[in-house]
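[1] Curious how this folds, go ahead:
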Amino acid sequence: MNTKIETLQRALTETKAEQRKLIDSLEYQLRDEYRRVFGFDRELQEAIGKLNCYERVEYGCEENGYYAWIRCYVSEFDTKTDLSLVDALNDYLSDHGMEFDAENDALKMNIGGRLVVVDSGDVLDSETGRTIIARSAYADEAERNALIEAWMEKNGYFPGVFSQDIHGNVFAIDTRKSA
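    Alright, predicted model coming up:
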């Protein structure tokens, strides 16, 4: 190969490396500034706190399972059109185990393991799909709740308990209360 081509290739490689360093530095600074702004956004921080405590949340179900959600508007930004903002916000929220649904202006958090009371009345472990309490084992909701609580105590596993109607609406069940 001729020396002129080798020199130009080397110069191009060095320039690309310098540009990459500059881009990486700017992206890092931008990420830090987004995190600072999100950290000071009072409405966002309140929504994160409420979702963490399951305070005034709704529930939903999608292909990844059940999730808790709360309406949240990120006041300083337009999350409908600024996709880089949504990416930055989701990067920030991932530290909290949450994600932002820009289409619905909602914070979402996967619930993880849970028990589900299905239409038949059976109680299933959603992780395994196994029936843990058959409908035939209880007469009413209070007895079902007591059986669920006993099962959780026995197994040392205390997941959320939910039901879902035919329209896909998800409801939390407080098994500590009698019907």
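
[2] pLDDT on the lengthiest helix in the chain, on average?
    When the chain is parsed with DSSP state H, its longest helix is helix 3-40. Helix 3-40 comes out with an average pLDDT of 93.

[3] Check stretch 172-179 too.
    77.

[4] who touches Ser136 in this structure?
    By CB atoms under 8 Å, 6 or more residues apart in numbering, the contact list for Ser136 is empty. Heads up, the C-betas are built off the backbone N, CA and C, glycines and all.

[5] What is the subsequent helix or strand relative to the longest helix of the chain?
    Downstream of helix 3-40, the first helix or strand assigned by DSSP states H and E is helix 42-52.

[6] next helix or strand past that following helix?
    Criterion used, DSSP H and E; the element after helix 42-52 is strand 58-62.

[7] And that following strand, what's buried?
    Neighbour-count burial for strand 58-62, counted by 16 or more other CB atoms under 10 Å, picks out 59-61.

[8] Closest to Thr7 out of these?
    Nearest to Thr7 among those: Gly60, at 59.9 Å, using CB to CB.

[9] I'd like the distance from that closest one to Phe162, if you could.
    10 Å (CB to CB, to the nearest Å).

[10] Paired strands for the lengthiest strand in the chain, with orientation please.
    Scanning the chain for the strand with the most residues, using DSSP state E, yields strand 65-71. Next to strand 65-71 in the sheet, as set by DSSP bridges, lie strand 58-62 (antiparallel), strand 106-110 (antiparallel).

[11] circling back to that earlier point, can you check what angle separates the longest helix of the chain from helix 42-52?
    Following axes from the mean of the first three to the mean of the last three CA atoms, to 10 degrees, one obtains 80 degrees for the angle between helix 3-40 and helix 42-52.

[12] just checking, what packs against helix 3-40?
    helix 83-94 (3 or more CB pairs under 8 Å, 6 or more residues apart in numbering; DSSP states H and E).

[13] And for whichever helix or strand comes after the helix it packs on, what's in contact with it?
    Moving toward the C-terminus from helix 83-94, the next helix or strand (DSSP H and E) is strand 99-101. Identification of contacts with strand 99-101 by CB under 8 Å, 6+ apart yields 69, 72, 74, 79, 86, 89-90, 93, 106-109.

[14] Identify the residue nearest the geometric centre of this protein.
    Taking CA atoms, centre = their mean, the centroid of the chain lies closest to Met109, which sits 2.6 Å from it.

[15] wait, it sits on Met98?
    Yes: between Met109 and Met98 there is a contact under CB atoms under 8 Å: 4.7 Å.

[16] Quick check: neighbours shared by those two?
    Shared contacts of Met109 and Met98, counting by CB under 8 Å, 6+ apart, come down to Leu51.

[17] which one among the buried residues of strand 58-62 gets closest to Phe38?
    Gly60 (23.4 Å).
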